[in-house]
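Colleague: With the input below, show me the fold.
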Amino acid sequence: MTIGKKLATHVAPTGWLLIILPCLSLLAGCLSDTLDAAYGNLAEARADGAIDRGWIPAWVPESATALHEVHNLDTNVSALAFDLPGDTRIPLPDGCLPATYAQTLPVRFARSWWPSQGTLASQYNFFTCPASSAKFEFVGMRHDGRRMVHWRTYAPD
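Modeller: From the prediction side, this is the model:
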């Protein structure tokens, strides 16, 4: 019994764990190099500086809504998805060329808002674009023109 009592005095009380664990979780989140953001429209993204920082391309139309983006600060890989009204014209950057899904590389992030591989392969048209901050840059437009995806990546390791 004496050993049990001594051991109990050296174990942190449950209250301390309730304080320490959330703090460690917050610290880990602050140290992450991968950041996510969501915006209701392009004006919100612009006000947050996402366009100036390059995480949302300048060619994204003003009418874009429901923007979701994720990026890694170290590698500059990123992914973006957004909705468009049906009559929006998309001014892709100069040098973007039509491509097939098979000519793209996979996105480096798993997010609920990103289309599945099957959806991308069957419902989107693709373009390869001159890469600015990563080795490869792709744009996909759903066949109905109402959803777009954009991602920057590197070749698989």
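Colleague: Any idea what Arg147 is bridged to?
Modeller: On the basis of DSSP bridges, Arg147 is bridged to Asp83.
Colleague: Count the residues that sit near it.
Modeller: The burial count assigned to Arg147 is 18, neighbours taken as other CB atoms under 10 Å. The C-beta positions use only the backbone N, C-alpha and C, and glycine is treated the same way.
Colleague: Below-threshold pLDDT in this structure: ranges please.
Modeller: Counting by pLDDT under 70, the chain contains low-confidence residues at 1-31, 133-134, 157.
Colleague: Could I get the full set of strands for it?
Modeller: Remark: strands of the chain, listed N- to C-terminal, are 34-41, 65-72, 78-83, 97-99, 124-129, 136-142, 147-153; assignment by DSSP state E.
Colleague: Including distance to Arg111, could the ones you listed go into TSV?
Modeller: Supplementary listing: the strands of the chain in TSV, determined by distance: least, CB to CB, whole Å:
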stretch	distance to Arg111
strand 34-41	7
strand 65-72	6
strand 78-83	7
strand 97-99	22
strand 124-129	16
strand 136-142	15
strand 147-153	11
